[in-house]
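Novice: Fold the stuff below for me.
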Amino acid sequence: MPSKRLPRKARPEAICDAYRVLNIPREIFSKTPKIDTEHQRTMSIVHVTDDTFDTKVLKSSRPVLVDFWAEWCGPCKAIAPILEQISVEYQDRLEIAKVDVEGAQTTAMKYGIRSIPTLILFKGGIVEAQHVGIVSKEQLQKLLEAKL
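Specialist: A predicted model of the protein is given here:
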């Protein structure tokens with residue numbers, strides 16, 4: 001009688017080949033705090049749809065960094081921990097919103113999203129900065145510091 005094969009357990013380094021191809025350090029995935037223990041602040045990332053984009057992003061009193069992403073996108077998943085860290089560190093100065101391009105196609109088309117991840121910084125309802133592709137935390141911090 002043949003033995004039953006158990007499915008292989010997913011290894012953290014095998015989450016997505018895109019991480020290895022893009023040469024993303026493994027430390028990024030191990031340092032994804034949900035809570036800033038020093039200040040006891042939780043991250044706040046808002047998920048936005050076509051219906052809520054105007055009120056949550058364009059009419060926001062604070063600058064909003066919008067992450068256009070998709071569930072199947074490996075690089076989008078890779079920058080998620082970075083955005084979580086940024087949401088805690090910049091909590092007093094910035095809001096972060098995520099737009100799933102498959103669920104919010106009208107908004108994605110309006111802003112010409114052709115590649116994901118795409119990060120757009122809105123300030124007073126106007127596009128202040130845009131970055132297409134994966135970005136390191138340091139690069140994102142430089143972009144934000146220059147525009148905030």
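Novice: use CA for all of it now, contacts and neighbours both
Specialist: Fine.
Novice: who touches the nearest residue to residue 44 once chain neighbours are set aside in this structure?
Specialist: Nearest residue to residue 44, sequence neighbours excluded (Cα to Cα, 6 or more residues apart in numbering): residue 87, at 6.2 Å. Taking Cα atoms under 8 Å, 6 or more residues apart in numbering as the criterion, residue 87 is in contact with 43-45, 94-96.
Novice: cool, residue 100 as well?
Specialist: For residue 100, the contacting residues are 48-49, 68-71, by Cα under 8 Å, 6+ apart.
Novice: One more pass at 6 Å, please.
Specialist: 69-70 (Cα atoms under 6 Å, 6 or more residues apart in numbering).
Novice: and what of residue 121?
Specialist: Contacts of residue 121 by Cα under 6 Å, 6+ apart are 64-65, 127-129.
Novice: Check what pLDDT it gets.
Specialist: Reported pLDDT at residue 121 in the predicted model: 97.
Novice: that older thread, right, and out of the contacts of residue 121, which lies closest to residue 136?
Specialist: Each of these was scored against residue 136 by Cα to Cα, and residue 65 proved nearest at 15.0 Å.
Novice: Nearest to residue 141, out of the contacts of residue 87: which one, please.
Specialist: The closest of the contacts of residue 87, once distances to residue 141 are taken by Cα to Cα, is residue 94, at 11.8 Å.
Novice: What's the separation between the closest residue to the closest one other than its chain neighbours and residue 114?
Specialist: Spatial nearest neighbour of residue 94, chain neighbours left out: residue 63 (5.3 Å); criterion: Cα to Cα, 6+ apart. Per Cα to Cα, to the nearest Å, residue 63 is found 23 Å from residue 114.
Novice: between the two, which one's more packed in?
Specialist: residue 63 (24 against 12; other Cα atoms under 10 Å).
Novice: in terms of contact, does the more buried one touch residue 96 like I think?
Specialist: No. Taking Cα atoms under 6 Å as the definition, residue 63 is not a contact partner of residue 96, at 8.6 Å.
Novice: Pull the most distant pair out of the contacts of residue 87.
Specialist: So, the contacts of residue 87 by Cα to Cα: farthest apart are 43 and 94, at 11.5 Å.
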